[in-house]
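Colleague: 3D, please:
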Amino acid sequence: MSVVTVLVVDDSPLVRRILTETLEEDPAFEVVGEASTGKQAIEQALRLSPGLITMDLAMPDMDGLAAIGEIMAQAPTRILVITGHPTYKGLNASHEARARGALETIPKPSTWPQSASEREGLRRLARLLATVPVLPHVEQSRQKRRAAREAAGHASRDPWRTLSTLRGPEAPAELGLIAIGASTGGPGVLKEMLDGLPGDLAAPLVIVQHLSEIHAGEFVRWLGQGAALRVLEALPGTRLESGTAYIALRGAHAVISPRGWIDASDEPPRGAHCPSIDVLFESVARSYGPAAAGVLLTGMGRDGALGLLRVREAGGVTLVQDEATSSIFGMPGAALELGAAQLTVARQELAETLVHLVRGRSRAGA
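Modeller: Residues are numbered from 1 along each chain as shown. From the prediction side, this is the model:
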């Protein structure tokens, strides 16, 4: 790895010094700037173009959440939030930071200096994040795509026509279930997608998101804020209902029965994941066949790729998030390698795509 330039942002001079010393213990990092406020962070990010920013949240003149939004709009950069505030201004700090474009959030140590193992853990995470592709701000990307279409003089395509061809004439009249898998980078994508779906969507969604159990309950509540459809944790014994998203985050594998119930599987973890996206997709392929759709979003590794192939083999529709808008293209890329995906979709078009997919069969039969 080439040297990663870092901008350290924190209103405490002591914290800035310790973070700088910790990172520069590894020759792979060079701290090229420091900032003590959100406004300074934006100015430094524009001037220095760092490879990574460590960002505090509670700062004078402009807080870290606002700064993250501005930086991702003006100079997209990898951002690691280090905060002592799990809840900030009444918001879940981790979820809000990721929704604005930060890659990861970790707690600020309660004691300084840190142990050798803690310092190495920070450097290990920073090295990993330094390999993540830098993505443009979602709205900025949307505007560029719209301008490009207008400049080319092309009429907007009808997504329904494209999607309706993915389900053959023998497919059931109604789509019975949408199964979704996500990992690294997924929380912000899921939030944007769910916020864009109507409350009367005529199909349920079942979602596996790789996430630490300690954040599970709060994560479900955060996803539901501002969403028109219901967002619930996927619990065994729950009957699936349209207009509802069920989030599987912890416990046993989530599987779907042919009668439309969420069940649990005592199968061991798949590739260290439990619940596993592969296990969910395989059960959906068995239970719903051509009445199912599978969607694989950003994430590291291969979980979900083989399961998505099973959905396609069963006659279901299969989509993956495109590389340009994926934080990490591991899982979607693995699905493409297997020939599991019929269509790639940008994150800002996921909600619209799912709406057209659900409505496509009823329109086709009209």
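Colleague: gap between the strand or helix carrying Gly121 and the chain center?
Modeller: Counting by DSSP states H and E, the element that carries Gly121 is helix 116-129. Here the centre of helix 116-129 is set off from its chain's centre by 22 Å, with C-alpha atoms, centre = their mean, to the nearest Å.
Colleague: and it, what's buried?
Modeller: For helix 116-129, burial by neighbour count (16 or more other C-beta atoms under 10 Å) applies to 119, 122-123, 126, 129. Every residue, glycine included, has its C-beta placed from N, CA and C.
Colleague: helices or strands up against that helix?
Modeller: Helices and strands touching helix 116-129, as assessed by 3 or more C-beta pairs under 8 Å, 6 or more residues apart in numbering; DSSP states H and E, comprise strand 4-9, helix 13-24, strand 52-55, strand 79-83, strand 104-107.
Colleague: out of these, point me to the one whose mean pLDDT is lowest.
Modeller: Mean pLDDT is lowest for strand 104-107 out of those, coming in at a mean of 86.
Colleague: okay, now the sheet partners of it, with direction.
Modeller: Using DSSP bridges, strand 104-107 pairs in its sheet with strand 79-83 (parallel).
Colleague: quick revisit: and the helices and strands packed on helix 116-129 as JSON lines, adding distance to Gly217?
Modeller: As requested, the helices and strands packed on helix 116-129 are arranged in JSON lines below (distance: least, C-beta to C-beta, whole Å):
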{"stretch": "strand 4-9", "distance to Gly217": "30"}
{"stretch": "helix 13-24", "distance to Gly217": "30"}
{"stretch": "strand 52-55", "distance to Gly217": "25"}
{"stretch": "strand 79-83", "distance to Gly217": "20"}
{"stretch": "strand 104-107", "distance to Gly217": "17"}
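Colleague: got phi/psi on the residue minimising distance to the centre of the chain?
Modeller: Centroid-nearest residue in the chain, with C-alpha atoms, centre = their mean: Gly186, separated by 1.3 Å. Backbone geometry at Gly186, expressed as degrees, to the nearest 10, gives phi -70, psi -40.
Colleague: confidence score at it?
Modeller: The model reports Gly186 with a pLDDT of 89.
Colleague: quick one, what contacts it?
Modeller: Gly186 makes contact with 209-210, 297-299 under the criterion C-beta atoms under 8 Å, 6 or more residues apart in numbering.
Colleague: swap in Gly316?
Modeller: 284-285, 288-294.
Colleague: most neighbours among those, which one?
Modeller: The most neighbours of any of the contacts of Gly316, using other C-beta atoms under 10 Å, belong to Gly294, which has 32 neighbours.
Colleague: doesn't that one lie inside a strand?
Modeller: Yes - residue state for Gly294 (DSSP: H, G, I helix; E, B strand; the rest coil) corresponds to a strand.
Colleague: and the residue nearest to it when sequence neighbours are not counted, how far from Gly243?
Modeller: Closest residue in space to Gly294, ignoring its immediate chain neighbours: Val311 at 3.8 Å, by C-beta to C-beta, 6 or more residues apart in numbering. For Val311, the distance to Gly243 equals 22 Å [C-beta to C-beta, to the nearest Å].
Colleague: so for those two, which sits in the more crowded spot?
Modeller: Val311 (29 against 16).
Colleague: please work out which residues outside stretch 187-194 touch it.
Modeller: 95, 98-101, 138, 180, 182, 207, 209, 211, 219, 222-224, 227, 229, 231, 245, 297-298, 321, 325, 347-348, 350-351, 354.
Colleague: for Val31, the count of nearby residues, please.
Modeller: For Val31, using other C-beta under 10 Å, the count is 21.
Colleague: Arg308: what secondary structure?
Modeller: Careful, residue 308 is Leu and not Arg. Three-state call for Leu308 (three-state DSSP): helix.
Colleague: verify the stated contact: it with Val320.
Modeller: Yes - judged on C-beta atoms under 8 Å, Leu308 makes contact with Val320 at a distance of 7.4 Å.
Colleague: more crowded one of these two?
Modeller: The neighbour comparison of Leu308 against Val320 (other C-beta under 10 Å) goes to Leu308, with 34 against 28.
Colleague: grab the nearest non-local neighbour of that one.
Modeller: Ala340 (4.1 Å).
Colleague: wait, a strand at the one you found?
Modeller: No - counting by three-state DSSP, Ala340 is not part of a strand but coil.
Colleague: tell me the contacts of it?
Modeller: 296, 305-306, 308-309, 311-312, 318, 320.
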